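Colleague: What follows is a predicted protein model with its sequence.
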Protein chains: 2
Amino acid sequence: MKGISKSVFDELSAIVGGAHVQIDETTIDENSRDIGPWRTRGVAVVSPATTDEVASILRLANREKLPVWTFSGGWNWGYGAAMGLRDGALILLLRRMNRIVEVNRELAYAVIEPGVTQAQLRAHLDAEQTGLWTDCTDSTPKGSVIGNALEHGVGYTPLCDHFGALCGIEAVLADGTVIRSGGGNEASKTWHTHRWGTGASIEGLFGQSNLGVVTKAGIWLMPKPEAHGLFLLEFADEARLPAIIDTIRELTLQGMLRANIHTVNDVLFAAILGPYPDDLLRAGQTFLGDAERATLRERYNIAPLSLTGGLYGTRTQVAEQRRQLKERLAPHGKLTFVSERLASLLPPIIDTWERLTPGSAPDRALRKATGASPAKLRATSRVFDLLRGVPSETVLGFAYFKARKPRPTVDLDPARDGAGMIWAPCMLPLRGQDMRAVIDLARPLFRAHGLDYTNTFISINARTTMSLMPIFYRPDDGDEVKRALDLQRALFEACQRAGYPQYRTGHSLHEVIFDDAPGYHEALRAIKRALDPNGILAPGRYGG
Amino acid sequence: MKGISKSVFDELSAIVGGAHVQIDETTIDENSRDIGPWRTRGVAVVSPATTDEVASILRLANREKLPVWTFSGGWNWGYGAAMGLRDGALILLLRRMNRIVEVNRELAYAVIEPGVTQAQLRAHLDAEQTGLWTDCTDSTPKGSVIGNALEHGVGYTPLCDHFGALCGIEAVLADGTVIRSGGGNEASKTWHTHRWGTGASIEGLFGQSNLGVVTKAGIWLMPKPEAHGLFLLEFADEARLPAIIDTIRELTLQGMLRANIHTVNDVLFAAILGPYPDDLLRAGQTFLGDAERATLRERYNIAPLSLTGGLYGTRTQVAEQRRQLKERLAPHGKLTFVSERLASLLPPIIDTWERLTPGSAPDRALRKATGASPAKLRATSRVFDLLRGVPSETVLGFAYFKARKPRPTVDLDPARDGAGMIWAPCMLPLRGQDMRAVIDLARPLFRAHGLDYTNTFISINARTTMSLMPIFYRPDDGDEVKRALDLQRALFEACQRAGYPQYRTGHSLHEVIFDDAPGYHEALRAIKRALDPNGILAPGRYGG
């Protein structure tokens, strides 16, 4: 029982029950890995079932000055998964706290615990015939709704800003005090309807931080719209991107578009659809050249750039959205709309198509008619689902692009399966000139490090997008691992210099993330000292 | 020079210039009054011009342990205006910091200092032909945009949640440290586009609090829509209110309505239109009975309940909004739409009408044709302006309902003019059953205290509304003043018990506001001690 004393183990066992304090190698291993090349080992994994148990654990840890790293689901791949920043932490895993406490149909919110997963919440809303949709990410369906929201995660629907959709949280501070945001009393009926509440709003403190353990939260939902759909714009000329994006922003600010926009480049789209095309790499190449990318695009029938988003509203509103998009985007590329009816036809078409011989006459005819490939059409179908809040593992598959093991068909876990991927995510204004600048800054760095430039722009709100740049590497190639890490750092530094801050961060950057924001950082540290004087909660996380 | 030492006076003068440290009786008096029956006297009024000057003042105050109360504009009538909670404070007035630092047309935001007024920002946006609208409140055009946003103020357009429209703030802490929210560096291009930023979001801390002095902020704007309009639903049967409100909420959650809704009862509408109808009070009455309210309604041609909101979008979108509202609201009362074209015709019609003899044939014909009176039509015209972000003094006039002096036609200042009004504002879900409950809770208390029940429901977001209940009293009637104060406290207590928290608060309630939220309150006080160990910033404000 190295790393945790017998007495602490016994005390933890008394709090949560012996079965829920795990110190076996297998469990420790499972919580000591990420997609990236980082490994830290915790001393135990403790899984409470209630807020009271969390409070008792924190009181104990505070007394013992034992560092505690909390994970709602622990599937925060690429940003630390379920590992502490350093060895020796108590891993506090909240998966057992998975109650859906309330669904308020009239006010369109749910109150949930941090162990509630994306799939679970959606299934519950459907089974209870609430007529409500939840947003979801394109990561694992078993991901925690609250965990993702606290990390400022982003989805697909009008509720895509997950931190913005949180409303009313219960959190346990380092000393075991249970607090509620909003300033209201326990009878308050607006705790989950009004974010700012009465007095200073403290909710913001609990996102991307280490100031408390969130044990319950309200999350806003949306009524299923009368009509909804997907639009896809495919285009070859990158020079058109600024004009397209400026148009998207204008339509969003006008209230015409209500959801966010995903723009993927060819390599990232290909990564979603299948494994790395090793066969295309010529001798001495470590990344695909222009010609090889063209071949790759041809295989999947994809464009250099693909932009997609959702339409929501009454039938009249959605028709108006289509009209506006057609008028303003169609000149730039190939614009496709997928209605609910068309989407319902896709799965049987795809199933049939996948049984055809590639290159056969019917396959060629379908490629021509759909402008797609079976894999691309299946991904489009799954994106349609994401646009109505139905999670799936399809997009997550890209983490296996250069993985040791082939991607499974179900139960994806890229940390377990030895994927090689780290994130370089910055934020920028949703504006053509900034997208141009980020591409011009990032692509040469990818190339200089001998790696494929992969990128998706995902809008966060009407004025902001992220540039989420996954860096894929072969985990068994020490040189490539080093180049990937160097590239991540180089992108971080170049983005900071250019005024494009990090969207979210992980192991390698927590310590430097606020080096150039000293006033903010010092204020944050003062708050940290006030709320967690012994510094037991996730020490070092986001500079705290 | 009582209350402030010569050396402190000299130091302040050295920081801001002698002309900007005022200790004369007139200035002190002007900053020692509110609409309500509270008076506290500051020791000096200091008016810095820059963030550096603010920082120097706070360093001095911190050293001297001198309490500082900060006011952006100082027109926060009914919630303290420009007074400290107790005598002896240094009044830090930011009106001279009135630079519009930037207007970003593409990203639709402005960066402004706290002295920038609603009228100034709007005039600037118009003069520069930006094509952008700002939201505004229905209080004074000289009110501070930032000050109102920090107080969680609410306006009329899709950007009506003013605190939610703030993005990216600069603040000075008690020790003079200047910090920026968002965690980014000085080059950050998303400071004013992405609220949560990187790491813990601290912006929420600076609303309704006393943790820092906000010296600059981004505020989101909206592009002028292709079409816009006003709708007004007038109805007599209060029993219909729940169904109407549930419909409004559904339409808002669906994204059909994008702005907030104001619902006023007859007495409050009459207060906007003119002085208290003393002639209607029978002997012994201290408030209007049902019959007198009916007479009052007849005078102004107003309904027992009037609900109004805005329509925004493309012409097609606005037509769809009208279609939906007509289908779903018209069965409940008299539904009127005012288009931009109709609104442009109103001022000359009103001007003509006001010159007619009341009761004359043309006056009666116009009353019948418009369903209004000249005063009501003028107010409607001004509300149309508010719905496009143009501030005016019209609605503010209601503060003079029982004032000592008649309301001026311009330059309203109800604190200066001896108005008698205090607020009782609670928050509730935007749901029929809660509106019913709040009315049933509040009206008997007004009557038991011998005062007129006045109320407006103003929605804050798609799920929340406030019930803003002005308590009007005659400032020269000591008994009525006492009944007004007793009523305010009774409403506060009853609302808290029923789970309807305070929307905002003023002098009489700062000390008790968080009595029943001990966990939250203790966390807030810990943060206060961390950021302001000497407690110099607005001690006691919002329980801090």
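Modeller: Received, thanks.

Colleague: ok, how many other residues are close to the residue lying closest to A:Ala243 once chain neighbours are set aside?
Modeller: Nearest non-adjacent residue to A:Ala243, counting by C-beta to C-beta, 6 or more residues apart in numbering or on different chains: A:Gly432, 6.2 Å away. (Glycine included, C-beta is placed from N, CA and C.) Counted with other C-beta atoms under 10 Å in any protein chain shown, residues neighbouring A:Gly432 total 19.

Colleague: what does A:Asp279 give?
Modeller: 7.

Colleague: cool, and A:Ile23?
Modeller: Neighbourhood size, A:Ile23 [other C-beta under 10 Å]: 17.

Colleague: got it, and A:Pro331?
Modeller: Other residues near A:Pro331 number 12, with proximity taken as other C-beta under 10 Å.

Colleague: Please look at A:Phe287 and A:Thr454 and confirm they touch.
Modeller: No - at 9.8 Å, A:Phe287 does not count as touching A:Thr454 under the criterion of C-beta atoms under 8 Å.

Colleague: who's more crowded, the two?
Modeller: Per other C-beta under 10 Å, whichever of A:Phe287 and A:Thr454 has more neighbours is A:Thr454, with 25 against 17.

Colleague: just checking, the more buried one is part of a helix?
Modeller: No - read with DSSP: H, G, I helix; E, B strand; the rest coil, A:Thr454 is coil and lies in no helix.

Colleague: hang on, the earlier thing: list residues touching both of A:Phe287 and A:Thr454?
Modeller: A:Phe446 (C-beta atoms under 8 Å, 6 or more residues apart in numbering or on different chains).

Colleague: ok so, going back, let me know the pLDDT of the residue nearest to A:Ala243.
Modeller: According to the prediction, A:Gly432 has pLDDT 98.

Colleague: so where's chain A shaky on pLDDT?
Modeller: Residue ranges of chain A with pLDDT under 70: A:1-2.

Colleague: Go through it and flag its longest helix.
Modeller: When chain A is parsed with DSSP state H, its longest helix is helix A:478-498.

Colleague: packing partners for the helix or strand just after it?
Modeller: Sequence-wise, the next helix or strand downstream of helix A:478-498 (DSSP states H and E) is helix A:518-531. Other helices and strands packing on helix A:518-531, by 3 or more C-beta pairs under 8 Å, 6 or more residues apart in numbering or on different chains; DSSP states H and E, are strand B:178-180, helix B:518-531.

Colleague: Take the ones you listed and write them to TSV, including mean neighbour count.
Modeller: Below are the helices and strands packed on helix A:518-531 laid out as TSV (neighbours: other C-beta atoms under 10 Å in any protein chain shown):
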stretch	mean neighbour count
strand B:178-180	20
helix B:518-531	20
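
Colleague: Tell me if A:Thr215 really is in a strand.
Modeller: Yes - per three-state DSSP, A:Thr215 lies within a strand segment.

Colleague: Now do the same contact list for it.
Modeller: Contacts of A:Thr215 by C-beta under 8 Å, 6+ apart are A:51, A:54, A:94, A:97, A:113-114, A:170-172, A:178.

Colleague: again, 6 Å this time
Modeller: Neighbour list for A:Thr215: A:51, A:54, A:170, A:172 [criterion: C-beta atoms under 6 Å, 6 or more residues apart in numbering or on different chains].

Colleague: Could you report the neighbour count for A:His510?
Modeller: With other C-beta under 10 Å as criterion, A:His510 counts 21.

Colleague: That one reaches A:Gly540, doesn't it?
Modeller: Yes - between A:His510 and A:Gly540 there is a contact under C-beta atoms under 6 Å: 5.5 Å.

Colleague: shared neighbours of those two, which are they?
Modeller: Shared contacts of A:His510 and A:Gly540 (C-beta under 6 Å, 6+ apart): A:Leu85.

Colleague: I'd like to know how far A:Leu451 sits from A:Ala291.
Modeller: With distances taken as C-beta to C-beta, to the nearest Å, A:Leu451 is found 18 Å from A:Ala291.

Colleague: beta partners of A:Gly310?
Modeller: Beta bridges link A:Gly310 to A:Leu230 when assigned by DSSP bridges.

Colleague: That one is in contact with A:Asn260, isn't it?
Modeller: No - using C-beta under 6 Å, A:Gly310 is not in contact with A:Asn260; the gap is 8.4 Å.

Colleague: if you skip the residues just before and after it, what's nearest to the most centrally placed residue in chain A?
Modeller: The residue lying closest to the centre of chain A (C-alpha atoms, centre = their mean) is A:Gly153, at 5.0 Å. Nearest residue to A:Gly153, sequence neighbours excluded (C-beta to C-beta, 6+ apart): A:His162, at 4.5 Å.

Colleague: Can you give me the neighbour number for that neighbour?
Modeller: 26.
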